[in-house]
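Enquirer: Structure for the following, please:
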Amino acid sequence: MAALNQTLLLVGRMNYVWTNTESLFIYLIAQLMGTSKQAAIVVFLTLNTTRARLDLITRLAKLPSTQPEDRTAVLAFAERLGRESGVRNKLNHCIYSFDETGAASTQLMRIADVGDDVRYGKVELLDDTELQRLNAAIERIAAVNRDIWAYIRSHGITP
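Expert: Below is the predicted model of the structure:
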């Protein structure tokens, strides 16, 4: 039961820091598009995947009208958060299993074509090493959050 509680707590925390950080894209969109927060919210909510939102801020940052220092900062935010999306996707799109000893594992809900074979449902142990990796990912996402907030404040963007 302890493994279940620890796993759910960490996955919940990861989802919280991710969602909180991704919502800061609203301010980046507003700044990069030179629009209001309300218009940026509409754009943000219209794009219903993280990938689409990351693509948008990346493409906006690459426009010639974007100041070089802003381009560098926004591209770095997108790249850092993009690196963490694999962990998030894995843990949000899997089935969790806990055996009678309390050992936890994940079963991925992804199909892989390997030669003449189709494989699916790769099972991975969710051991202490994996939980430590998850903790580290949470800390990296939280660091991106803090850095975006510092950027927002330094540009006088009103939340």
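Enquirer: End to end on stretch 87-105, go ahead and measure it.
Expert: Start and end residues of stretch 87-105 are separated by 14 Å (C-alpha to C-alpha, to the nearest Å).
Enquirer: Pull out the buried residues from that stretch.
Expert: For stretch 87-105, the neighbour count (16 or more other C-beta atoms under 10 Å) marks 87-88, 90-91, 94, 104-105 as buried. To be clear about C-beta, it is placed using only N, CA and C from the backbone, and glycine gets the same treatment.
Enquirer: what residue ranges in this structure score low on pLDDT?
Expert: 1-2 (pLDDT under 70).
Enquirer: All the helices of it, residue numbers only.
Expert: Assigned by DSSP state H, the chain shows helices spanning 2-23, 25-33, 37-46, 50-61, 68-92, 128-154.
Enquirer: Out of the ones you listed, which is closest to residue 99?
Expert: Residue 99 lies closest to helix 2-23 among these, at 9.4 Å (C-beta to C-beta).
Enquirer: how far does the closest one sit from the chain's center?
Expert: 11 Å (C-alpha atoms, centre = their mean, to the nearest Å).
Enquirer: can you list contacts of that helix?
Expert: 44, 50, 53, 81, 84, 87-88, 91-92, 96, 98, 102-104, 126, 131, 134-135, 137-138, 141-142, 144-145, 148 (C-beta atoms under 8 Å, 6 or more residues apart in numbering).
Enquirer: Let's see that with 7 Å instead.
Expert: Counting by C-beta atoms under 7 Å, 6 or more residues apart in numbering, helix 2-23 makes contact with 50, 53, 81, 88, 91, 96, 98, 102-104, 126, 131, 134-135, 137-138, 141-142, 144-145, 148, all of which sit outside it.
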